[in-house]
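Enquirer: What follows is a predicted structure for the sequence shown.
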Amino acid sequence: MQASRLAPGFKTSPWWWEAAEPPQRDNTLPDRAAVVVVGGGYAGLSAALTLRRLGQEVVVLDAERIGWGASSRNGGMVSGGLKVAASGLDKVYGAEKARAIVDTAAASFPFIEETITREAIDCDYVRCGRYAAAWSKSHYDTLARRCETIADITGLPARMLPRARQREALGSDHYFGGMLADATGSLHPGKYARGLAAAAERAGAVLVDAVRVQKIRDEAGGYRIATDKGEIRSDAVLVTTNGYSLNPKGTALPWLARRLVPLNSYIIATEELGEAKIEQLFPGRRMISDSKRVLNYFRPSPDGKRILWGGRASFRAATAEDTAPALHGYMTECFPELRDVKITHAWTGFVAFTFDHLPHIGVQDGIHYAAGCQGSGVAMATWLGHNAALKLSGHANDRFALDGLPFPTRPFYSGDPGWFLPIIGGWYRLRDRLDRMAA
Ligand SMILES: Cc1cc2nc3c(=O)[nH]c(=O)nc-3n(C[C@H](O)[C@H](O)[C@H](O)COP(=O)(O)OP(=O)(O)OC[C@H]3O[C@@H](n4cnc5c(N)ncnc54)[C@H](O)[C@@H]3O)c2cc1C
């Protein structure tokens, strides 16, 4: 990367970790627990909290550190299933079931707000709203068709902003107008992960890091879980490994890995620009995403001083540092005046897509799972974990329509999308270019 774009002291760790790096815990692996949760992100922690509230003894294991995965690396945009609302479910499930799925997804938004309030999680949460910027005229028309549905599903206003008024939401003329949706908040993901972990610990959950689960075996009356630090036995297991499910050092639930498509998402943080500049570029300090197939998502930092710009900068195995110039380029296409602004941090993490574009909870061979948030999992993973915990402890809510849906995979797919991602990514980029040319 051009050295001039990198600020002195440039780091390849998340900017969020400056304030809330996932801490190391020195808990040792117990011999047994009533419930073992594999994966210490939002889903696993939320599940642990609910299980403790229901009186279950629970141990959460993470191969790295609690909160180390996507849960301390994401953009901190909190939305309630707006992607699910856009996924054309009627054709597959019929109108009634489709509506139940969409309502279930949308319920993740009030749930995370309640969780943050109830547990007094200090994570800079603000219900700021989102601006979904249209990449082309036809994308604007598509957003306009969805606008009413989104307001109906979320119960909160959504309205279109034509291009001539775009600067009310975004200090740029780069897009063709867009949609303002109130049902979105912003938070500091590292602080949220830390706060959720603290809430689970306060409730009595045991959180153990640096333990990689390698195999889960069914044995009479429970499970024997082999890890790189020895064995633990349990009555029940919940796997919440999401985008990190497949790993050569040990995959907790290969069946789940074959149903998830892990994809790197990348973010850069700029140097401080000053609050006046941020106010000009982000009036209202909303979360912003665009309608490209290979999307950009960007926001001011919670302290209102710098920009965090994210996107799918590469569909090949690429480091955060390699992809930083591309993200900087996308940022300056939108904000040309930031050409000389330097990057202080660049990082990446794995999101998990599914072949049916839906999040899932369910049970396979007696093992519970919660996964597949399609890159929008701050609220959703919290919600999935909670509902997986209710199900596991026999308190399942029949209205939770993401439970037990058919969970497709593809023939010969092992969980590693390495060979087909560059092809799909190239095709999506081409279609984005064609849409823009047509506009
Ligand atoms: C760069 C980026 C930007 C994003 N931006 C947003 C956003 O703005 N808004 C939004 O809603 N969502 C966003 N997301 C998605 C969101 O962060 C995730 O959906 C959510 O954090 C998933 O939480 P999780 O608990 O399911 O998984 P994770 O937080 O990924 O946790 C999985 C954990 O499992 C552990 N693990 C894996 N295998 C094993 C094993 N065998 N044994 C033990 N532990 C194991 C891993 O170490 C990891 O800590 C983003 C994601 C990324 C990466």
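Expert: Received the coordinates, thanks.
Enquirer: The residue of the stretch 301-439 of the chain found nearest the ligand: how many residues sit nearby?
Expert: For the stretch 301-439 of the chain, the residue closest to the ligand is Gly377, as judged by CB to the nearest ligand atom, at 1.9 Å. Yep, even glycine has a C-beta here, placed from its N, CA and C like the rest. Burial measure for Gly377: 25 neighbouring residues, criterion other CB atoms under 10 Å.
Enquirer: Please apply the same query to Ala47.
Expert: If you count neighbours by other CB under 10 Å, Ala47 ends up with 35.
Enquirer: pLDDT below threshold where in the stretch 1-150 of the chain?
Expert: Scanning the stretch 1-150 of the chain for pLDDT under 70 picks out 1-3, 82, 85-87.
Enquirer: how does it look with 50?
Expert: 1 (pLDDT under 50).
Enquirer: quick one: the strands in it?
Expert: Under the criterion DSSP state E, counting those that start in this stretch, the stretch 1-150 of the chain contains strands at 6-11, 32-38, 58-61, 77-79, 130-133.
Enquirer: I'd like those laid out as CSV, including distance to the ligand and mean neighbour count.
Expert: Shown next, in CSV, are the strands of the stretch 1-150 of the chain (distance: least, CB to the nearest ligand atom, whole Å; neighbours: other CB atoms under 10 Å):
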stretch, distance to the ligand, mean neighbour count
strand 6-11, 15, 14
strand 32-38, 5, 24
strand 58-61, 5, 28
strand 77-79, 3, 27
strand 130-133, 10, 28
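Enquirer: In TSV, list those along with distance to Val351.
Expert: Below are the strands of the stretch 1-150 of the chain laid out as TSV (distance: least, CB to CB, whole Å):
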stretch	distance to Val351
strand 6-11	21
strand 32-38	18
strand 58-61	21
strand 77-79	13
strand 130-133	18
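Enquirer: For Thr50, which of those is the nearest?
Expert: In terms of CB to CB, the element of the strands of the stretch 1-150 of the chain nearest to Thr50 is strand 58-61, at 9.3 Å.
Enquirer: list the helices and strands the closest one packs on?
Expert: Contacting strand 58-61 under the criterion 3 or more CB pairs under 8 Å, 6 or more residues apart in numbering; DSSP states H and E are the following elements: strand 32-38, helix 42-53, strand 206-208, strand 230-239.
Enquirer: Can I get that strand in PDB, CA atoms only?
Expert: Once non-C-alpha atoms are left out, strand 58-61 reads as follows in PDB (Å, rounded to 0.1, in the frame of the first residue of the first chain):
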ATOM      1  CA  VAL A  58     -23.100 -23.300  31.700                       C
ATOM      2  CA  VAL A  59     -19.500 -23.100  30.400                       C
ATOM      3  CA  VAL A  60     -18.600 -21.100  27.300                       C
ATOM      4  CA  LEU A  61     -15.400 -22.200  25.400                       C
END
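Enquirer: what are the pairing partners of that strand, and which direction each?
Expert: If you go by DSSP bridges, strand 58-61 pairs up with strand 32-38 (parallel), strand 206-208 (parallel).
Enquirer: So which of those is nearest Ala226?
Expert: Using CB to CB, the strands paired with strand 58-61 put strand 32-38 closest to Ala226, at 11.6 Å.
Enquirer: average pLDDT for stretch 356-364?
Expert: In this model, stretch 356-364 has a mean pLDDT of 96.
Enquirer: Residues in contact with it: which ones?
Expert: With contact meaning CB atoms under 8 Å, 6 or more residues apart in numbering, stretch 356-364 is reached by 83-84, 87, 89, 92, 101, 105, 253, 255-256, 259, 354, 368-374, 377, 380, 384, 387-388, 391, 400, 402-408.
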